[in-house]
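Peer 1: structure, please.
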Amino acid sequence: MSRKVVGVIVIAFWVLGLALLYKRNGTHSPQQTLAEAGMRVSPDTYYYTLQQSGAQVGAASSSVDTTKQRIVAVDFIRGAIPMGTKVIRLEARSEARFTRGMHLRDFVIRAIGDLTPFTLRGVMQEGEDKTLRITTLDGRARPITHEVVPQQPVFVPTIAPLPLMLKGEPKIGDSIAVAVYNPLSRSVDQVTLHIQSDSLFLVPDSAAFDSTSGRWVKAHQSSIRGWKIGNVPPALTMWVDVSGRVLAAEEPGGIMVSRTTFELSFANWKIDHAAEFAGSRAQMKTAPAMDPRRKVAVQARR
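Peer 2: Sure thing, here's the model as predicted:
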């Protein structure tokens, strides 16, 4: 056998090996894609202001904690939302637990305020058909339970973009099929999230207290690249960073959510609504298991 033939055979095997490697890496199953994305999730907490017509109407926080076995996502919102001629005051806290492979285990959503207080509990039942059992409690009637068999992995809205952004280097046109639990309609929506465009955002990263106005003001800001995510229910316009965490969002009612610092969100809200904050604190003492500020308070002390 001549050297030329041996060389051709070696090159042919080399090309075949590269093709097999490319095929293996390019045809991951949805479970493998989720598992790899889950290992890239990193813990962090972000704070947001809620604005309507240029005025702050609330504050929010979103945190993700990780262990070797779990991912825990906690969201909290406090606001006074104008609705027609009325202002609806509310506080809500959501906690969702996932495996490191980003499979939902359970979630709890609690809300109090001017509306009827309610609690939503969701538990993913193990079995051949994974069933999500959702129980609604509002304190006035017997608990209502219904079951859903989602066709895709289930997420809460704030972290639904994580598997899309963490499955690889994000590119415009990338997409992923997921199921999103919508606490407003109390339904599980099957959606395909996709990256529509990208842009740069100036996000406050520090604040200073202004003794003249008696409020916190922006001290410095950073430039962060964001990606616009399409098909996020309920008709939200959502921008996320490279890790899939929310940078900004806007809902059809005109409420805008923007990432900022703790001082510019919760501290200023407390200053502007000192009396309401004191009343809310007294109310929360009567229901210690439903303290939605616990996570924010811990992060603030850090």
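Peer 1: how far does the helix or strand containing Ala111 sit from its chain's centre?
Peer 2: Remark: Ala111 resides in strand 104-113, with elements defined by DSSP states H and E. How far strand 104-113 lies from its chain's middle: 13 Å, per C-alpha atoms, centre = their mean, to the nearest Å.
Peer 1: contacts for it, please.
Peer 2: 70, 88-99, 117-124, 132, 153-156, 181, 183, 283, 287, 290, 292 (C-beta atoms under 8 Å, 6 or more residues apart in numbering). C-beta: built from backbone N, CA, C; applies to glycine.
Peer 1: sheet partners, orientation included, of it?
Peer 2: strand 86-99 (antiparallel), strand 118-125 (antiparallel) (DSSP bridges).
Peer 1: to Pro204, which of those lies closest?
Peer 2: Pro204 lies closest, by C-beta to C-beta, to one member of the strands paired with strand 104-113: strand 86-99, at 23.6 Å.
Peer 1: which residues touch the closest one?
Peer 2: Under C-beta under 8 Å, 6+ apart, the answer for strand 86-99 is 38, 69-82, 104-115, 155-156, 158-159, 183, 276, 280, 284, 290-292, 295.
Peer 1: mind listing what's buried in it?
Peer 2: Using 16 or more other C-beta atoms under 10 Å as the test for burial, strand 86-99 gives 89-98.
Peer 1: ok, now how distant is Lys86 from Leu115?
Peer 2: In this view, Lys86 and Leu115 are 11 Å apart by C-beta to C-beta, to the nearest Å.
Peer 1: hang on, the earlier thing: give the rounded mean pLDDT of the strand holding Ala111.
Peer 2: In this model, strand 104-113 has an average pLDDT of 94.
Peer 1: which residue ranges of this structure form helices?
Peer 2: Listed in chain order, the helices found in the chain under DSSP state H are 3-26, 30-39, 162-166, 262, 268-272, 274-285, 294-301.
Peer 1: any idea which of the ones you listed scores lowest on pLDDT?
Peer 2: helix 294-301 - the lowest mean pLDDT of those, at a mean of 43.
Peer 1: quick one: strands adjacent to the biggest strand by length in the chain?
Peer 2: Counting residues, the longest strand in the chain under DSSP state E turns out to be strand 187-210. Sheet pairing of strand 187-210 (DSSP bridges) gives strand 175-182 (antiparallel), strand 215-232 (antiparallel).
Peer 1: same question for the longest one: list its buried residues.
Peer 2: The neighbour-count criterion (16+ other C-beta under 10 Å) identifies 216, 218, 224, 226-229, 231-232 as the buried residues of strand 215-232.
Peer 1: pull the most distant pair out of those.
Peer 2: So, the buried residues of strand 215-232 by C-beta to C-beta: farthest apart are Trp216 and Asn231, at 35.8 Å.
Peer 1: sorry, back to before: rebuild the strands paired with strand 104-113 as TSV, extending it with mean pLDDT and distance to Gln32.
Peer 2: Putting these into TSV (pLDDT from 0 to 100; distance: least, C-beta to C-beta, whole Å) gives the following:
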stretch	mean pLDDT	distance to Gln32
strand 86-99	93	14
strand 118-125	93	20
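Peer 1: between those strands, which gets nearest to Gly168?
Peer 2: Judging the strands paired with strand 104-113 by C-beta to C-beta, what sits closest to Gly168 is strand 86-99, at 19.6 Å.
Peer 1: what's the angle from the closest one to helix 30-39?
Peer 2: 110 degrees (axes from the mean of the first three to the mean of the last three C-alpha atoms, to 10 degrees).
Peer 1: distance between strand 86-99 and the chain's centre?
Peer 2: Counting by C-alpha atoms, centre = their mean, strand 86-99 comes out at 12 Å from the chain centroid.
Peer 1: export that strand as CSV, just CAs?
Peer 2: Output in CSV follows, covering the C-alpha atoms of strand 86-99 (Å, rounded to 0.1, in the frame of the first residue of the first chain):
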residue,chain,number,x,y,z
LYS,A,86,-58.4,53.5,41.9
VAL,A,87,-54.9,52.6,43.2
ILE,A,88,-54.5,48.9,44.1
ARG,A,89,-51.8,48.2,46.7
LEU,A,90,-50.3,44.7,46.7
GLU,A,91,-47.4,42.6,47.9
ALA,A,92,-46.6,39.3,46.3
ARG,A,93,-43.8,36.7,46.7
SER,A,94,-43.0,33.7,44.5
GLU,A,95,-40.6,30.9,45.2
ALA,A,96,-39.9,28.1,42.7
ARG,A,97,-37.5,25.2,43.1
PHE,A,98,-35.9,23.3,40.3
THR,A,99,-33.4,20.5,40.0
